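[1] Next input, structure requested:
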Amino acid sequence: MPFSRLIKAAFGLVALAAMSTAAMSTGAIAQTAPAWPQKPIKVIVNFGPGGSADNSMRPFAEKVSRGLGQQVVIENKGGASGALGLEAAARSAPDGYTFVVTPALSVVILPHLRKLPFDIFKDLAPVTQFTDGTLLFAVHPSVPANNLRDFVAYAKANPGKLSWGTAGVGSHGHVTAEYFKLITGTDILHVPYRGGGEALADFLAGVVQIHADPNTLPSVSAGKAKLLGVIDAERHPNFPDVPMVKEVYPEIDYVAWFGMLAPAGTPKPIIDRMAAEMNKVAREPDMKSFLLRFALRPNPGTPEQMATLLRNDYDRYGKLIKQINMKAE
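    This next block holds a predicted model:
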């Protein structure tokens, strides 16, 4: 064999050996790379205990823990209508050990009302929109009205006398209060709280007379509140005779939802795995009946579906907020 061909053959063997070594090394790295998760996972709930955001995630935590083989720890971080919890998540390491659960209000309404120290679309990554909520238009038993029409008549006859407690500025309750007042021409005071749990406590004590939040349901069932209407895509199965608010006032037509996000840059396989585990729990037969007690219902979805929902609702509520001239208080 000529010397030149011999040299070429030798180089070919060296190159082949190098490729084989690289392939073996890559395989070895893949085999030794740690699987996720290797330690407990923190899920920030951006409102306090007892609110609908907390109620939406808490029944999932234990079952997702079993599915992942690591404990899922809930950390309630309320304040600023959910912005504090979202900011904490956005500033966390994108390593798959921090997630945040939020009601839609904090990501599709609040950014239109105030400048936030983070970007919803750049600093956070959608994981799954896993639960829908029914906004219950309830009044304190002291209010002499048993339906929406009678309530509006009473509110008009008593301008400024009634107050509406909500989970905070920019909440669905806040949007509903301002939109309802505009449509009906009523004068009702909006009282923002740090979360739905605090608002509910004052509502039950009669400090505020109106509450529109999923967490009102147990109080309605106990006779401590009067349910005049529901804001949802359908009537509530436990109260089939109570109309949807849009049956009386068609303009009030939207659905509150709860979703999970992760810090931007969290590896896609981890996001997909967490979404799959959340969806697996959402599809369990007993989850629907359990959540129904809190005016919630499971609604499993992919990261891509949540991304589309997030963008669509962000644009929709932006237009609505301009229409009602809603301001941060």
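
[2] now the strands for the stretch 1-150 of the chain?
    Ranges of strands in the stretch 1-150 of the chain, per DSSP state E, counting those that start in this stretch, are 41-45, 72-76, 98-103, 124-133, 135-139.

[3] quick one, the third one and strand 72-76 angle?
    Computed with axes from the mean of the first three to the mean of the last three CA atoms, to 10 degrees, the direction of strand 98-103 lies at 60 degrees from that of strand 72-76.

[4] Provide the contact partners of strand 98-103 at residue level.
    41-47, 52-53, 56-57, 82, 85-86, 88-89, 92, 124, 127, 133, 167, 171-172, 256-263, 274 (CB atoms under 8 Å, 6 or more residues apart in numbering). C-beta coordinates here come from the backbone N, C-alpha and C atoms, glycine included.

[5] thinking again about what came up before, out of the strands of the stretch 1-150 of the chain, deepest packed?
    Highest mean neighbour count of those: strand 98-103, a mean of 27 (counted as mean count of other CB atoms under 10 Å).

[6] With mean pLDDT as new columns, can the strands of the stretch 1-150 of the chain be given to me in a markdown table?
    Conversion of those to a markdown table gives the following (pLDDT from 0 to 100):
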| stretch | mean pLDDT |
| --- | --- |
| strand 41-45 | 98 |
| strand 72-76 | 98 |
| strand 98-103 | 97 |
| strand 124-133 | 96 |
| strand 135-139 | 95 |
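
[7] Dump these into JSON lines; add distance to Gly318 as well.
    Shown next, in JSON lines, are those (distance: least, CB to CB, whole Å):
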{"stretch": "strand 41-45", "distance to Gly318": "25"}
{"stretch": "strand 72-76", "distance to Gly318": "28"}
{"stretch": "strand 98-103", "distance to Gly318": "17"}
{"stretch": "strand 124-133", "distance to Gly318": "18"}
{"stretch": "strand 135-139", "distance to Gly318": "20"}
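
[8] element containing Val230?
    Assessed by DSSP states H and E, Val230 sits inside strand 226-231.

[9] in this structure, which spans are helices?
    3-32, 52-68, 83-90, 105-108, 148-157, 172-184, 196-204, 217-221, 245-248, 268-282, 285-292, 303-324 (DSSP state H).

[10] So which bits of the last one are buried?
    Pointing back at helix 303-324 there. By 16 or more other CB atoms under 10 Å, the buried positions in helix 303-324 come out as 303, 306-307, 309-310, 313-314, 317, 320-321.

[11] what packs against it?
    helix 105-108, strand 124-133, helix 172-184, strand 256-263, helix 268-282 (3 or more CB pairs under 8 Å, 6 or more residues apart in numbering; DSSP states H and E).

[12] Which of the ones you listed sits closest to Arg293?
    Proximity to Arg293 (CB to CB) singles out strand 124-133 among the helices and strands packed on helix 303-324, at 12.5 Å.

[13] just checking, what packs against that closest one?
    Secondary-structure packing of strand 124-133 (3+ CB pairs under 8 Å, 6+ apart): helix 52-68, helix 83-90, strand 98-103, strand 256-263, helix 268-282, strand 296-298, helix 303-324.

[14] switch to 10 Å and redo it
    The helices and strands touching strand 124-133, judged by 3 or more CB pairs under 10 Å, 6 or more residues apart in numbering; DSSP states H and E, are helix 52-68, helix 83-90, strand 98-103, strand 256-263, helix 268-282, helix 285-292, strand 296-298, helix 303-324.

[15] Would you mind confirming that Gln323 is in contact with Leu182?
    Yes. Gln323 lies in contact with Leu182 (CB atoms under 10 Å); the separation is 8.2 Å.

[16] where does the stretch 1-150 of the chain have low pLDDT?
    Residue ranges of the stretch 1-150 of the chain with pLDDT under 70: 1-34.

[17] returning to that earlier point: go through the helices and strands packed on helix 303-324 and name the closest to Lys63.
    Across those, closest to Lys63 is helix 268-282 (CB to CB), at 4.5 Å.

[18] got the buried residues for that closest one?
    270-271, 273-275, 277-279, 281-282.

[19] what mean pLDDT does that helix have?
    For helix 268-282, mean pLDDT is 98.

[20] Please state the offset of that helix from the chain centre?
    16 Å (CA atoms, centre = their mean, to the nearest Å).

[21] Next, the contact list for the residue most central in space within the chain, please.
    With distances taken as CA atoms, centre = their mean, the residue of the chain nearest its centroid is Phe258 (2.4 Å). Neighbour list for Phe258: 45, 52-53, 55-57, 101-105, 128-133, 214, 296, 299 [criterion: CB atoms under 10 Å, 6 or more residues apart in numbering].

[22] re the thing from before, let me know which of the helices of the chain is tucked in deepest.
    helix 105-108 (a mean of 27).

[23] helices or strands next to that helix in the packing?
    helix 83-90, strand 98-103, helix 172-184, strand 256-263, helix 303-324.

[24] Looking at those, spot the one closest to Pro117.
    Nearest to Pro117, of these and by CB to CB, is helix 83-90 at 5.7 Å.

[25] sorry, back to before: out of the helices and strands packed on strand 124-133, which comes closest to Glu234?
    Smallest distance to Glu234 across the helices and strands packed on strand 124-133 (CB to CB): 10.0 Å, for strand 296-298.
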